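Participant: Got a predicted model here, sequence first, then my questions.
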Amino acid sequence: MTHRSHKKDILFKKRRARVTPFSFDTAVASVFDDMIRRSVPGYEEVIAREAQLAATNYIPGTKVYDLGCSNGNLEAAMAREPQLHDAVIVAVDNAPAMLQFFASRALNTQAMRIYPLCMDICDVPIRNASVVVINFTLQFIRPPAREGLLAGIFDGMVPGGILLLAEKTDHTNPEMSRMQQDFYYRFKKENGYSELEISQKREALENVLVPETVETHLARLRRIGFGPADQWFQWFNFSAFIARKC
């Protein structure tokens, strides 16, 4: 059994006099599971398949890194994969509130060793990694710092290792970008969010979450040295990628 927060996300339901920048504080951590399920299309599918990809590509004696681990949903999925039962998992997040929820989970990890770290993922030394996962986290890193972060990850991976990356994305074509956004807001409305909630959340994320195009992500990965690199999942403006270090 795992502990998950079942509180409903009503953080932006009431009109605010001033919308402050979004942060992963205690209020967000307490409703995170509801928020991400209703805000990120395909989230549970991405987590489930990433756990399977991690299990398939894990090399015994190496490490698995989850950079931006939030409350441990990926670790819960990986715990169900027999190939990972003896793995060392380094789970990193810079939000203490998220890690507190992570710590409250009762994960059936068997021999899996999980080491939570509260620190900036840009400061984490990657060593002897066969699997590195970054889920909906790179988008919160300043764009000029993203290539350096990924290059450091590449350097710390063993040959044959994989990077799994999931992100909100943008489109190079303005018309297509607007269409993707429209369908995303439709998705949120279908999941019970009001126009006010959507508007205030969007304002809170302005200049905090900065998406990039699919082409930008893939070009960067290949420039760093990953190959092959591919997009394996897309729902309008949400994408997941896999890249291998040969």
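Facilitator: Right, received. Where do you want to start? Residues are numbered from 1 along each chain as shown.

Participant: after the helix or strand residue 33 falls within, next one along is what?
Facilitator: Following DSSP states H and E, one finds residue 33 within helix 32-39. Sequence order places helix 43-57 as the next helix or strand after helix 32-39, per DSSP H and E.

Participant: quick one, that following helix and helix 32-39 angle?
Facilitator: Interaxial angle, helix 43-57 versus helix 32-39 (axes from the mean of the first three to the mean of the last three Cα atoms, to 10 degrees): 100 degrees.

Participant: tell me the mean pLDDT for helix 43-57?
Facilitator: In this model, helix 43-57 carries a mean pLDDT of 98.

Participant: Give me the buried stretch members for it, please.
Facilitator: Neighbour counts over helix 43-57 (16 or more other Cβ atoms under 10 Å) mark 43, 46, 47, 49, 50, 51, 52, 53, 54, 55, 57 as buried. No exception for glycine: its C-beta is placed from N, CA and C like everyone else's.

Participant: Could you please name the strands the lengthiest strand in the chain pairs with and the direction of each pair?
Facilitator: In the chain, assigned by DSSP state E, the strand with the most residues is strand 157-170. Using DSSP bridges, strand 157-170 pairs in its sheet with strand 129-135 (parallel), strand 212-213 (parallel), strand 238-244 (antiparallel).

Participant: Quick one: closest of those strands to residue 221.
Facilitator: strand 238-244 (4.6 Å; Cβ to Cβ).

Participant: Check which element follows the strand or helix carrying residue 76 along the chain.
Facilitator: Using DSSP H and E, residue 76 falls within helix 73-78. For helix 73-78, the following helix or strand on the C-terminal side (DSSP H and E) is strand 88-93.

Participant: Pull the residues that contact that next one.
Facilitator: By Cβ atoms under 8 Å, 6 or more residues apart in numbering, the residues outside strand 88-93 that reach it are 24, 62-70, 72, 75, 78, 99, 102, 112-119, 121, 124.

Participant: same thing with stretch 128-138?
Facilitator: Contacts to stretch 128-138, defined as Cβ under 8 Å, 6+ apart, come from residues 36, 40, 46-47, 50, 53-54, 57-59, 61-68, 70, 74, 121, 126, 146, 149-150, 153, 156-158, 160-168.

Participant: From the centroid of this structure, which residue is nearest?
Facilitator: Closest residue to the average C-alpha location of the chain: residue 135 at 1.5 Å, with Cα atoms, centre = their mean.

Participant: Please report the distance of it from residue 50.
Facilitator: Plainly put, residue 135 is 7 Å away from residue 50 if you go by Cβ to Cβ, to the nearest Å.

Participant: Common neighbours of those two, please.
Facilitator: 74, 164, 166.

Participant: what sits against the second one?
Facilitator: Put plainly, it is residue 164. 50, 53, 54, 131, 132, 133, 134, 135, 240, 241, 242.

Participant: So which bits of stretch 74-83 are buried?
Facilitator: Buried, per 16+ other Cβ under 10 Å, within stretch 74-83: 74, 75, 76, 77, 78, 79, 81.

Participant: Give me the angle between the longest helix anywhere in the chain and helix 32-39.
Facilitator: Longest helix of the chain, by residue count under DSSP state H: helix 174-190. Orientation of helix 174-190 against helix 32-39 (the same axes, to 10 degrees) gives an angle of 130 degrees.

Participant: what's the offset of the next helix or strand after helix 174-190 from the middle of its chain?
Facilitator: Sequence-wise, the next helix or strand beyond helix 174-190 is helix 195-205, with elements assigned using DSSP H and E. Between the centre of helix 195-205 and the centre of its chain there are 20 Å (Cα atoms, centre = their mean, to the nearest Å).
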